[in-house]
Every structure is written in structure tokens, then in C-alpha cells.
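Enquirer: quick one, structure for this:
(one chain, ligands or ions: 1)
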Amino acid sequence: MAAEIRKAVIPAGGLGTRFLPVTKSVPKELLPIGNRPTIQIVLEEAVESGIEEIILITSPQKAHILDFFMRDTHYTRELEQRGKGELLGELRELLECVRVIEVLQNEARGLGHAVFCAKEAVGDEPFVVILPDVLIASRVPCCLQLMNAYEECGCSVSATEHTPRERISLYGIYDVAHSEGRLHWARGVVEKPSPDKAPSDLSVVGRYLFSPEIFDELAKTKQDRSGEIQLADAMNALAAKGRMAAFEYEGRQFDTGDPIGFLKANIYYSWNSAPKELTEFMNEMIRGTPQ
Ligand code: G1P
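Expert: Numbering: from 1, shown residues only. You can find the predicted model right below:
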């Protein structure tokens, strides 16, 4: 039986610089995977995991992400008048399952700061954090896997996986104190180490379940040299108290914040809609790029 976790925080205030120039005017969370924006796919994961409330952390420049979550807009009314309201039926049903509130992060001061902005909206209960860049395809939704792991470890826990050496410096990496099957208790977390300095190959994957004590640690976390509050520093403080674990989730992640990861996600999520056409196209590409 999974713990009752009702709220999810989605930090969506980032500038999306890896996707410039498109992100100059389109928030990266609205870029499409097939015909769904990435944020819809993470919303589906949250709802399938039993989440009832989404706390979306946005910046003043990206406030229009919220339009996507509004059920009654000029656009929806116009579609309905033309008898085409059902085209948005699936999205409407999804949005009926969850309340979305927005919290503005006025300055881009890092992931830790973004999560801290959700303190009041979360209150005194455990919650999940979903990084919307990271899409996770899995049989059991990844947030639900974390809820089950939380039942077992009783402390904050993030998703983790073994990471190839060449990608170690892109992630937070766990220093593991001890392990029981797929659950690892952390001694610490090092943010983006060089592969030679990494304490293990277990990376922090963009799904976290935090007990509210993370807010106490974030309040104490000092900004780094670039003025950011790092979530990994607060996780490190929890780990020092034996209160941070990592769970090797089952599934596969796509980092859609990076153009190649985004392309792979598009192929993966579109495959079932046109397997023959896509296979033929891929084969054509492998045989030689058309001139
Ligand atoms: C963030 C975290 C990092 C984590 C990663 C997962 O980094 O700081 O610890 O491993 O997400 O995707 P970012 O990708 O925002 O640089």
C-alpha cells in the first residue's frame, strides 16, 4: 500500500537555454512529443500516481504555461461553438482529475530555490517533485514507484539509475552508505562531479519524494558562487542524517531538455502510432542520409 502523497511540485521556471532559439518565446515545457506537450506527459504520470494537486513553479516570463491547464478559455469556447470540443476531450478528462496552482519564482535562483518557493503551498506533508524535462516511460508510473519505496525507507527518496561514465558529470551522483536490493541509503550527494571524482555511478533522476524536512534544510542552504540554492546541498544535509535514499526505478528516462534526448522521446512515444512507417524511415536513414 503506497503512502498517501497528494501534492506534486513541478519546477518550470528555467530559461531552457539548451533549446534556444525556440525557447525565446515558447516555454520548453510546451514543446511537443507527438501532439502532447511534455508537461502533459508528466501530468499524466502524476495523475496515474494518485496526485491530486500540482504546484507549478513558473517565472513571470513563462506565466502563459498556465493557459494550457485552464479548462475554459477563448480557444475552448470557440472549438465548442464549432462542434469540435471533443478534440480536447482527453486533456479535459486529465485536468478534471487534478488541481493546478501556480507559484511564481521571481528570480532564477536554482532548483533548490524553486522547490523552496512551494513551501507554503505544500504545507507539512510529504510531496513529490517532478522535473518536467525528464520523461519516464515505465509500467508503473515512476512517482508511484517512489511512493512505494517511501513506505519502505520512511525518508526522502529520489529515483536513481546506473549511469554511463560519459554522462556522470550531468547529474547529481550518490555516495551510497548501504543498499537493500533496489533501495540505497545515501551518505551524500555530489552535484555533477567529474567521472574520476564520482562516489558511484548512481545518478539522481528527476523524480523525488521529500518529507517536509527538506524545507528546513533548504532554509539553511547557502547560495553557491553563482547565487543559486542547490537542491543537492539540502539532500546532502538529509543524507548526513541518514534521511535520504535512492530507489532504482524500473523504466527508462528521456532527457527532453536536450535536443537529441527530445528527438529520442519523440520517436519512442510516437512509435506505436506508426511503427511500420517509422521503421521504414529509420532504415532509410541508416542506409544513407538522403541528399
Ligand atoms: C538537476 C539536478 C541533478 C539531477 C538532474 C536530473 O540537474 O540538479 O542533481 O541529477 O536534474 O535530471 P539539471 O538537469 O537541472 O542541470
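
Enquirer: check what pLDDT the residue of the stretch 101-250 of the chain found nearest the ligand gets.
Expert: As assessed by Cβ to the nearest ligand atom, the ligand sits closest to residue 172 within the stretch 101-250 of the chain, at 2.7 Å. C-beta: built from backbone N, CA, C; applies to glycine. Residue 172 is assigned a predicted lDDT (pLDDT) of 96.

Enquirer: do I have it right that it meets residue 203?
Expert: Yes: counting by Cβ atoms under 8 Å, residue 172 touches residue 203, with 6.6 Å between them.

Enquirer: between those two, which contacts overlap?
Expert: Counting by Cβ atoms under 8 Å, 6 or more residues apart in numbering, residue 172 and residue 203 have no contacts in common.

Enquirer: can you tell me, leaving aside adjacent residues, what's nearest to the residue of the stretch 101-250 of the chain closest to the ligand?
Expert: Closest residue to residue 172 apart from its sequence neighbours, by Cβ to Cβ, 6 or more residues apart in numbering: residue 204 at 3.6 Å.

Enquirer: same thing with residue 149?
Expert: In space, residue 149 is closest to residue 247, 3.8 Å off (Cβ to Cβ, 6+ apart).

Enquirer: got the buried residues for the host helix or strand of residue 205?
Expert: Using DSSP states H and E, residue 205 sits in strand 202-210. Using 16 or more other Cβ atoms under 10 Å as the test for burial, strand 202-210 gives 202, 203, 204, 205, 206, 207, 208, 209, 210.

Enquirer: helices or strands up against that strand?
Expert: The elements that strand 202-210 packs onto, with contact taken as 3 or more Cβ pairs under 8 Å, 6 or more residues apart in numbering; DSSP states H and E, are strand 127-130, strand 134-137, helix 142-153, strand 156-162, strand 172-180, helix 231-240, strand 244-248.

Enquirer: can you list contacts of stretch 47-56?
Expert: By Cβ under 8 Å, 6+ apart, stretch 47-56 touches 2, 4-10, 12, 43, 46, 65-66, 69, 94, 97-103, 118, 121-122, 127-128, 141-144, 147.

Enquirer: for stretch 62-82, same thing?
Expert: Looking at stretch 62-82 with Cβ under 8 Å, 6+ apart, the contacting residues turn out to be 12-13, 27, 29-30, 37, 39-40, 54, 56, 58, 85, 87-88, 92, 95-96, 100, 102, 104.

Enquirer: and that stretch, how far out from the chain's middle?
Expert: 24 Å (Cα atoms, centre = their mean, to the nearest Å).

Enquirer: begin at 601, not 1, for the rest of this chat.
Expert: Done: numbering now begins at 601, and the last item shifts to stretch 662-682.

Enquirer: average pLDDT for that stretch?
Expert: Computed over stretch 662-682, the average pLDDT equals 89.

Enquirer: with stretch 613-624 instead?
Expert: On average, stretch 613-624 scores 90.

Enquirer: please identify the buried residues of that stretch?
Expert: 613, 614, 616, 618, 619, 623.

Enquirer: next, work out how far apart the nearest residue to residue 756 once chain neighbours are set aside and residue 718 are.
Expert: In space, and not counting its chain neighbours, residue 756 is closest to residue 810: 4.6 Å by Cβ to Cβ, 6+ apart. The spacing between residue 810 and residue 718, counted by Cβ to Cβ, to the nearest Å, is 10 Å.

Enquirer: intersection of neighbour lists for these two?
Expert: By Cβ under 8 Å, 6+ apart, residue 810 and residue 718 have these common neighbours: residue 727.

Enquirer: what about residue 625, neighbour count?
Expert: Other residues lying near residue 625 total 8 when counted by other Cβ atoms under 10 Å.

Enquirer: to clarify, my last question referred to residue 686.
Expert: Neighbours of residue 686 (other Cβ under 10 Å): 10.

Enquirer: how about the buried residues of strand 802-810 in CSV, adding pLDDT and distance to the ligand?
Expert: Below are those laid out as CSV (pLDDT from 0 to 100; distance: Cβ to the nearest ligand atom, whole Å):
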residue, pLDDT, distance to the ligand
802, 98, 10
803, 98, 5
804, 98, 4
805, 98, 6
806, 98, 4
807, 98, 9
808, 98, 9
809, 98, 15
810, 98, 14
